Each structure stands twice: as C-alpha cells, then as structure tokens.
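Student: Okay, predicted coordinates and the sequence, questions at the end:
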Amino acid sequence: MTPRVIFLILLLLFSRAEAVAFTSPVVGVIDGDTIDILHNGKAQRIRLYGIDCPEKGQPFGKVAKWATSALVFGRTVTVQGHGKDKYKRLVADVLLADDTSVNHKLVKDGWCWWYRKYAPDDAVLEALETEAREAKRGLWIDPRPIPPWEWRKRK
C-alpha cells in the first residue's frame, strides 16, 4: 500500500470513531452544555449536541450548570458523537443509564435553547423548546431571555 492509501484508511477510521457510541464516567461539568468525561484514561471534553445553555455570568448560567451537574456528574453516560467542533471538542448526544437524553432533558426543563444553527432539522429539540417556553419552565420564566449566541456577541 502506498502512504497515501494508508493515510486515507487511517483518516476514515478516526473520523468514524467519533460516530461510535461509548460509555464513560463524567468527571467534570464546565457549564450547562459542556462536560468532561474520562475516556481511555484521559479527560475528554464533550459539547452537548443541538443545545446552547446560558453562559457563565449570564442570567440562568449557574442554574444551567447546576442542572447539568445534577444529571450527569459522577455518573457513567453513553456518548454518541457527531464529530468535532472548532475547539476540537467532541459534539455528542449524552444518554443516562436509563436512555434519557441529557440534551433533550435540559431543553425540556427550560435550561437551554435548541441550537438551530447546528441542529436545524431537529424536530424533537424544537418541540421540547416550544413546550418549555409555553410552560414558562426554567429560563423561560424571563419574558425576554437573551440567547447565548447574542450574549457572546455583546461580550
């Protein structure tokens, strides 16, 4: 095999590895939509797919982090990767042992937005956000919450 063929095979293997589900313990919660897991003996940062929680310093930012911590910290979760983001974090759906989607639960409970920019066709996240808004759950108690992508632009 030529070096180019070997390179292409390795590239395919590594890119497919992100799509494979695996289980790992959660060892840290950075904010509402970012966690650290212990995978293959190393900490790996995971960005929750399709959601965007309030930032640190933003209203509801601490509560969103707390909500995520209450769900996952110290627990073993299943990670279903969607690839990497520009910060080289694995973007993933995260499932609890009972198959509850952490991503969905955070939206349903009103602690984050459906991140339309990165999950534009996700009808489940759209419906969960609409339900939370209408019920005024979580951050939706605020009549005009500022989406994190707008908050980041202001900073």
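Tutor: In hand now; what should we look at?
Student: Just list the residues touching the most centrally placed residue in the chain, thanks.
Tutor: For the chain, the residue nearest the mean C-alpha position is Leu48 (0.7 Å; C-alpha atoms, centre = their mean). Listed by C-beta atoms under 8 Å, 6 or more residues apart in numbering, the contact set of Leu48 reads Asp33, Thr34, Ile35, Val91, Ala92, Asp93, Val94, Val102, Asn103, Leu106. Using the backbone N, CA and C atoms, a C-beta is placed for each residue, glycine as well.
Student: how about a cut-off of 10 Å?
Tutor: Taking C-beta atoms under 10 Å, 6 or more residues apart in numbering, we find Leu48 in contact with 31-35, 68, 72, 89, 91-94, 101-103, 106-107, 112, 115.
Student: Next: Lys88.
Tutor: Contact analysis of Lys88 by C-beta under 10 Å, 6+ apart lists Arg45, Arg47.
Student: what's the answer for Ala97, then?
Tutor: Counting by C-beta under 10 Å, 6+ apart, Ala97 has contacts Thr23, Arg75, Thr76, Val77, Thr78.
Student: give me the element it is part of.
Tutor: Assessed by DSSP states H and E, Ala97 sits outside every helix and strand.
Student: Next one: it relative to Ala67, how far apart?
Tutor: Taking C-beta to C-beta, to the nearest Å as the measure, Ala97 falls 18 Å from Ala67.
Student: ditto for Arg116
Tutor: The value you get for Arg116 to Ala67, if C-beta to C-beta is used, is 21 Å.
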